[in-house]
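Q: Need coordinates for the following:
(4 chains)
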4 protein chains.
Amino acid sequence: MSHNTFGHLFRVTTWGESHGPALGCVVDGCPPGLSLTAEDIQVFLDQRRPGQGKFVTQRQEPDAVRILSGVFEDERTGGPITTGTPISLMIENVDPRSRDYSEIARAYRPGHADYTYDAKYGVRDYRGGGRSSARETAARVAAGAVARKVLPGVSIRAAVVQIGPHAIDRSRFDWDQRTENPFWAPDAGIVEVWESHLEQVRKAGSSTGAIIEVEATGVPAGWGAPLYGKLDAELAAALMSINAAKGVEIGDGFASAALSGEANADEMRMGPEGPVFLSNHAGGILGGISSGQPVTARIAFKPTSSILTLRQSVNADGEEIDLRTKGRHDPCVGIRAVPVVEAMTACVLADAFLRHRGQAG
Amino acid sequence: MSHNTFGHLFRVTTWGESHGPALGCVVDGCPPGLSLTAEDIQVFLDQRRPGQGKFVTQRQEPDAVRILSGVFEDERTGGPITTGTPISLMIENVDPRSRDYSEIARAYRPGHADYTYDAKYGVRDYRGGGRSSARETAARVAAGAVARKVLPGVSIRAAVVQIGPHAIDRSRFDWDQRTENPFWAPDAGIVEVWESHLEQVRKAGSSTGAIIEVEATGVPAGWGAPLYGKLDAELAAALMSINAAKGVEIGDGFASAALSGEANADEMRMGPEGPVFLSNHAGGILGGISSGQPVTARIAFKPTSSILTLRQSVNADGEEIDLRTKGRHDPCVGIRAVPVVEAMTACVLADAFLRHRGQAG
Amino acid sequence: MSHNTFGHLFRVTTWGESHGPALGCVVDGCPPGLSLTAEDIQVFLDQRRPGQGKFVTQRQEPDAVRILSGVFEDERTGGPITTGTPISLMIENVDPRSRDYSEIARAYRPGHADYTYDAKYGVRDYRGGGRSSARETAARVAAGAVARKVLPGVSIRAAVVQIGPHAIDRSRFDWDQRTENPFWAPDAGIVEVWESHLEQVRKAGSSTGAIIEVEATGVPAGWGAPLYGKLDAELAAALMSINAAKGVEIGDGFASAALSGEANADEMRMGPEGPVFLSNHAGGILGGISSGQPVTARIAFKPTSSILTLRQSVNADGEEIDLRTKGRHDPCVGIRAVPVVEAMTACVLADAFLRHRGQAG
Amino acid sequence: MSHNTFGHLFRVTTWGESHGPALGCVVDGCPPGLSLTAEDIQVFLDQRRPGQGKFVTQRQEPDAVRILSGVFEDERTGGPITTGTPISLMIENVDPRSRDYSEIARAYRPGHADYTYDAKYGVRDYRGGGRSSARETAARVAAGAVARKVLPGVSIRAAVVQIGPHAIDRSRFDWDQRTENPFWAPDAGIVEVWESHLEQVRKAGSSTGAIIEVEATGVPAGWGAPLYGKLDAELAAALMSINAAKGVEIGDGFASAALSGEANADEMRMGPEGPVFLSNHAGGILGGISSGQPVTARIAFKPTSSILTLRQSVNADGEEIDLRTKGRHDPCVGIRAVPVVEAMTACVLADAFLRHRGQAG
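A: A predicted model of the protein is given here:
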């Protein structure tokens, strides 16, 4: 992982600013022969797309993706397949409304990257957060759609398990519920609670954090490359690189610190097709290598930094200011991060799969 | 990060198994002209060294490091300085006692990487966990000592803030306390609680988890390379790659999910030397770039997987077995992970520093 | 260097096929604050552009570049400057004429990558060579224009020193001549010879090879990172990766094999500003590090593989065929490679400069 | 390729100085299950070993390699096999004689890296050239022996085809001859010529250059990863990184510049097992991907820079000096570079093989 590229054999390079003409990514290292259309990608972009409800930003972006390279007609089916060459994906910015941001060109919004980008680079595209905007995650979602093609038999899905102080009731956890509500909640009972909480937050011009849980099933034992390419280390980096992420845990994560060795042990028995585990405290990863169990992780997102309440800050001229962040913002960035979390997980797994295929066995 | 190397400009490659003749690392990319002796490294290795108390493994290893390359006499002082060429560090294994492990050559110990290494590689050095042993962290600590040399003005320190279910009282947090007890506890009041808990765990042949907190002060604003080389993403990967780590959080981490935007905002004012923050929920990183505040992280460690209680498992022959893990083990690996956490943090920061110097400004 | 990305701190990822909708590159790691407009890049693209004379392909491509990200208005001048974020450059394909290629969809043209791409990937975009087309070098030239911005004080220029069997007379070598003729010849006396040779080649539907020489002046002593990032090794890889390149030499190159140690030694004396060399057999690089002398290299290009003469070959169906390659081709690809050679040299030097700034001193 | 590591999936990191306690390498990414003993490596080190004849340095080094990690007993055979973990190889320096070099501690020997290392790092281990010494190539040869294990069916061999101005007669080229003389000459008729030339050179305290040719047979079609990981680009970098290398060419190389398209075309016909080529001007690589033909390259080595003849130079104090380089030197470094060329070729091919296995198909 370095700068604007991540992955080793399945490599994704993203580019673009919130209010530039476009954003996109180059996916390099995708194996040849995989069927890939713009529609395959669009379905995931549509899940992340803004302007789709009252609890997400009202910015209107179709997020229509174009495939500029890397696919060609299959000589048998005539349909587009990957060729093994880099896949360039582009999404044009349609509704940037740059004038919204002009008054904060020199202000450092608390919680945003304004001050640190200035400290590092001495210049920044302040329109909508520029490169640090969550809008960049559209490119990740596009790359993730390609990664899923590389992973036959692997199923990746994420859900929101906490918004603000309100966690789901795990006894009611049901993956099928997550597409039945606007919050990706796997617990029908929490929906009303979150709706009420978010309504309150939105009216107050405030914001709230969230926790997302992701699960990948169908990952065979053996993926991951110890020691510094451990599957959990790669996942941690990929997930922590998402905007507003502040924590990542695998399996039982922080809760495992409180466990005894007996309670934490995932015991094994023989099943009809080989070893089976009797529990999954480890989150499907042992010694940095997948164990064949579902790979599970949780990611904490801080509340959206853009709020209407006045906050103390300073500006690039060294003046103290009081600042409220107007504009079109998600009161809870965690919700729209669900397809992003899935996408990053898919990319990490696709990379691990290709590396494993190259190196071991 | 890939396989057994981590870092971009400050690169560390480690090698060695628990019961092989030696282990070590090659530190590549260290700038020239830094004073470096074996003693500079040994002081940190001695902090991690086993056999130093009743709550850590009784394996006796001097962990004496040799510098095999990369330093030469300073023509002015005559003392050894780095030359910019790779620094090879080696630690011989003195007390492996390989016979302790022969009976588990084909058994898959729950929680260990036995099964996954076999699934990946089809062969493994089962003696003491081989490559997956925490003994490898000696090489990380050695590398970290070099990294600290690269970071003038940066101070890195870690402490244990929870053992099993017993967290410290944060109102009593005092960094000076951490060297006054065998647990790296920054809270004098918790020592007796932990001692009693660990005594109980040890007698039961059980184990317990822990949480470590690390803080780096003196990091200027501007380090870190968005988007996929974000400082927090690099830290997450480096810390998650430590044996038994199951979670990483930056700043308020998972707790920030429950906060409102107002509560989470780190407001700013002007101080005598520039902008100052009034709080540090962000843990010193905004948009993946250091803000000039202390960089803070917490890492969760699962309980040691080696316990004396019988656990159900299987072996390489597909037989179901009941297994207890004898041998010399730490009842709480978290304690000895403190210098490792510091070392990984130092390596990540040294790398970020060099990259920043190369690229921005 | 890996796959479609090259460079370490100054990293270029290219994408696109000859007959796809567009091609381009992402330049990552460019330092902030450098003035950069599309015109700055276009001037170099215009040098490489096809359709500009009777000895180059008649394909009509404006090669108009768009900057899609990574620049923003300088708050002082208002002009566009780099921001330190990835610079995405795109060039649309305007005149592909795909139908020209349909009859060779399954044929393996001798000297082309048709057979090997099929062997590797099992699928290829056969239109105009797809990804293996020299059209991709437009992206390199665009990246090189950015690289030059990173290198204040460094001047890079290349010339053709041999076409077919006809080498220039080195006693007449004059850099100023190279822009005075359509062949980048630094020797006015050779122009007529080459013109006549190329006319003959063109009429015969044949092709011819070439040798290019490149020189970078203003490179200070100290760039390059031994041992495997040696400046000459990086140059060799970058230059050998250009389409049709078959050889690279630094300084005296192959001729140095025939020299005695005395003849090859670049002796040194003190000049007014430090050490000076009395000769430059080494081509400005010693031990993989720049010496402060001009960095010089030569690159051999094979003749264009597309010729009208019938050649024996096979096709994807395993049938033996006789094949002539129609279409619009350069009789000597070496000529249009001049700006590409300069661009690759610029990219390697920009990368070496940033790495040196990060790591040494 | 970067700094002291090369390769992507098959990665080699070398360390060590000419007169330090030891040198070595870490080979990471070697697949598991390959039989590997110290003897497997030693046989190649013995080919490179100094002190074996009057035309190579008289330094006496047994170059005995130790395997410190990465192998373990095969449970079936009991013999050592690779485990997929990093293989650490160490060679102790036995006969450094550091006092030979003390008088040139501050002198810049023409053709050596003394001046450039000082310019870059401000400090250098001047004893025997320190890190820039060809002694480091022992680590490459050791790594190459491991690489060969990864390449079943591939045979790699190199020969010296020119020493000073004396090239072999290609009509007499016979690979079997190369082990029948001390010069790796594939032409029995040239041996006497070279012997006489080298005797003259040695007596004069002079030195001479050489050209080595390497061939890898058994490489299937499909290895290599365009565009910037082209097999020829990777080879060029690897071979150019060898001490004293000044040029690399693939297939016909520089000679192909003088050819017509017809002469250069490697025509194809169908053979019993698929397409066959009627010639190999391309050197087995088309579009950066292996074609199934033998991969061939040539590397030019400059004359040894250490000569007894007085040369003009300067020292670190800015004084002009006259310098002769005493010590134990090879009059022609090219000869002992033969196993190094083979080793680098093996490493590049092993890496290409693993990448191909991971990514394509």
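Q: Every contact and neighbour count from this point should use C-alpha atoms.
A: Will do.
Q: List the contacts of the residue of the stretch 201-350 of chain A found nearest chain C.
A: Chain C sits closest to residue A:316 of the stretch 201-350 of chain A, with a gap of 11.5 Å, by C-alpha to the nearest C-alpha. With contacts defined as C-alpha atoms under 8 Å, 6 or more residues apart in numbering or on different chains, the neighbours of residue A:316 are A:106-108, A:115.
Q: can you do 7 Å?
A: For residue A:316, the contacting residues are A:106-107, by C-alpha atoms under 7 Å, 6 or more residues apart in numbering or on different chains.
Q: And the pLDDT for it?
A: Residue A:316 carries a pLDDT value of 94.
Q: And residue A:248, by the same measure?
A: For residue A:248, the pLDDT comes out at 98.
Q: Same question for the one 5 residues further on.
A: Reading off the per-residue confidence, residue A:253 sits at a pLDDT of 98.
Q: Does it touch residue B:249 like I think?
A: No: using C-alpha atoms under 7 Å, residue A:253 makes no contact with residue B:249, being 10.5 Å away.
Q: what does chain A have sitting close to chain C?
A: Residues of chain A lying near chain C by C-alpha under 7 Å from any C-alpha of the partner chain: A:4, A:15-17, A:20-22, A:28, A:32, A:68-69, A:72, A:83-86, A:88, A:121, A:123-125, A:131.
Q: Among the residues you listed, name the ones in strands.
A: In this view, the residues of chain A next to chain C that belong to strands under DSSP state E are A:15-16, A:22, A:28, A:72, A:88.
Q: By neighbours, which of those residues wins?
A: Highest neighbour count within those: residue A:16, with 31 neighbours (other C-alpha atoms under 10 Å in any protein chain shown).
Q: Would you mind confirming that residue A:66 is in contact with residue A:90?
A: Yes: with contact defined as C-alpha under 7 Å, residue A:66 counts as touching residue A:90 (5.2 Å).
Q: Mind checking which of the two has more residues around it?
A: Using other C-alpha under 10 Å as the criterion, residue A:66 and residue A:90 rank with residue A:90 on top: 23 against 18.
Q: ok, so what distance separates the closest residue to the more buried one other than its chain neighbours from residue D:120?
A: Of all residues beyond its chain neighbours, the one nearest residue A:90 is residue A:24 (4.3 Å), with distances taken as C-alpha to C-alpha, 6 or more residues apart in numbering or on different chains. Look at residue A:24 and residue D:120: by C-alpha to C-alpha, to the nearest Å, they are 38 Å apart.
Q: what residues does stretch A:243-259 touch?
A: A:134, A:232, A:236, A:240, A:264, A:280-283, A:296-302, B:163-165, B:208-211, B:246-250, B:253-254, B:300-303.
Q: Keep only those of those that are in strands.
A: Those of the contacts of stretch A:243-259 lying in strands (DSSP E): A:296-301, B:163, B:210-211, B:246-250, B:300-301.
Q: And those, which two are furthest apart?
A: A:301 and B:163 (25.6 Å; C-alpha to C-alpha).
Q: So between those two, which is more surrounded?
A: Shown here are residue A:301 and residue B:163; by other C-alpha under 10 Å, residue A:301 has more neighbours (33 against 30).
Q: Now the more buried one: closest residue in space that isn't a chain neighbour?
A: With C-alpha to C-alpha, 6+ apart as the criterion, residue A:301 has its nearest non-adjacent residue at 4.4 Å, and that residue is residue A:245.
Q: What is the burial count for that neighbour?
A: The number of residues packed near residue A:245 is 29, by other C-alpha under 10 Å.
Q: per-residue pLDDT, it?
A: Residue A:245 carries a pLDDT score of 98 in this model.
Q: measure the closest residue to chain D within the stretch 101-250 of chain A to residue B:209 for me?
A: Closest residue of the stretch 101-250 of chain A to chain D, C-alpha to the nearest C-alpha: residue A:226 (8.1 Å). In this view, residue A:226 and residue B:209 are 22 Å apart by C-alpha to C-alpha.
Q: of those two, who's got more company?
A: Counted by other C-alpha under 10 Å, residue A:226 and residue B:209 do not tie: residue B:209 has more neighbours, with 30 against 24.
Q: Identify the residues contacting the residue of the stretch 51-200 of chain A found nearest chain C.
A: Nearest to chain C, among the residues of the stretch 51-200 of chain A, is residue A:69, at 5.0 Å (C-alpha to the nearest C-alpha). Residues near residue A:69 by C-alpha under 7 Å, 6+ apart: A:86-88, C:15-17, C:20.
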